[in-house]
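Q: what's the 3D shape of this:
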Amino acid sequence: MHIAIAGNIGSGKTTLTELLAKHYKWEPQYEDVTDNPYLDDFYAEMQRWSFNLQIYFLQSRFKQIVKLRQDRLDVIQDRTIYEDAHIFAPNLFAMGLMPERDFNSYQELFSLMESFITPPDLLVYLRASVPTLVGHIQERGRAYENGIRLDYLTRLNERYEAWISTYDKGNLLIIDVDNNRFPKNSEDLGSIIERIDAQIHGLF
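A: Prediction:
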């Protein structure tokens, strides 16, 4: 079983991944932010490092998917490879922060990788407004995120909504994070787990 958690920066993906992995006793797969060699440089100088950062994330998530399929583990995954290709890279290109040549190369590489992978059994999308995202980002206090601009988060949110509205690769569950405080409220977390149980039981 492969459940993937999708959502904008600060939506709570890592926290929900941790909580669900603990509940189901499944293997968590986290986004590589601690050892990522490009994040600090990217947020300091986006145009210079955008392509490098996106390629790093792409190969990292492709490696994760290959491993989980080989090991046949039950997995909760923090962010998907699709978000990189359909949201973050196109957004950087649209903002003029990634040259067209680099963007085309990125898209070709993703298309090749996508032909070798299968989508998650269930995609859980954490929908959150920009004020909620900003609150979460400030609360966790990651130094490299201090320079994130509101317009950047807003553009990403718009792209997330567009992507989710056409997602057809498998089962989808949408959680309204503005009205669900699962990191601190056990009842809210329980409601998410109940909805996931209803989804995954229907997969068999």
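
Q: what about the helices in this protein?
A: Counting by DSSP state H, the chain has helices at residues 13-24, 39-44, 46-71, 81-83, 89-94, 100-114, 130-140, 150-165, 186-201.

Q: distance check, the spatially closest residue to His23 that is not a sequence neighbour against Gln199.
A: Of all residues beyond its chain neighbours, the one nearest His23 is Ile193 (6.0 Å), with distances taken as CB to CB, 6 or more residues apart in numbering. C-beta coordinates here come from the backbone N, C-alpha and C atoms, glycine included. Relative to Gln199, Ile193 is positioned 11 Å away (CB to CB, to the nearest Å).

Q: next one: Arg48
A: From Arg48 to Gln199 the distance is 42 Å (CB to CB).

Q: ok, now Phe116?
A: 26 Å.

Q: which residue is nearest the centroid of this structure?
A: The centroid of the chain falls nearest to Arg79 when counting by CA atoms, centre = their mean (2.6 Å).

Q: look up the pLDDT of that residue for me, please.
A: Here, the pLDDT recorded for Arg79 equals 92.

Q: contacts only, for it.
A: Counting by CB atoms under 8 Å, 6 or more residues apart in numbering, Arg79 makes contact with Ala4, Ile5, Ala6, Gly7, Lys13, Glu31, Arg61.

Q: dump the residue contacts of the third one.
A: Residues in contact with Ala6, defined by CB under 8 Å, 6+ apart, are Lys13, Arg79, Thr80, Tyr82, Glu83, Leu123, Val124, Tyr125, Leu126, Tyr160, Ile164.

Q: dump those residues into CSV; add distance to Ser111 as well.
A: CSV is the format used below for these (distance: CB to CB, whole Å):
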residue, distance to Ser111
Lys13, 25
Arg79, 19
Thr80, 16
Tyr82, 12
Glu83, 16
Leu123, 20
Val124, 25
Tyr125, 23
Leu126, 27
Tyr160, 21
Ile164, 21
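
Q: any of the residues you listed buried? List them.
A: Among the contacts of Ala6, those classed as buried by 16 or more other CB atoms under 10 Å are Lys13, Arg79, Thr80, Tyr82, Glu83, Leu123, Val124, Tyr125, Leu126, Tyr160, Ile164.

Q: for these, which one is nearest Leu20?
A: Nearest to Leu20, judged by CB to CB, of these is Val124 at 8.4 Å.

Q: doesn't Ile196 make contact with the closest one?
A: Yes - with contact defined as CB atoms under 8 Å, Val124 reaches Ile196; the gap is 6.9 Å.

Q: what sits in contact with each of these two?
A: Ile3, Leu173.

Q: the residue nearest to His23 is in contact with Leu20, isn't it?
A: Yes - shown here, Ile193 and Leu20 form a contact pair, counting by CB under 8 Å, at 7.4 Å.

Q: the worst-scoring helix or strand of the chain on mean pLDDT packs against which elements?
A: Least confident helix or strand of the chain, by mean pLDDT, DSSP states H and E, is helix 39-44 with a mean of 86. Counting contacts by 3 or more CB pairs under 8 Å, 6 or more residues apart in numbering; DSSP states H and E, helix 39-44 is packed against helix 46-71.
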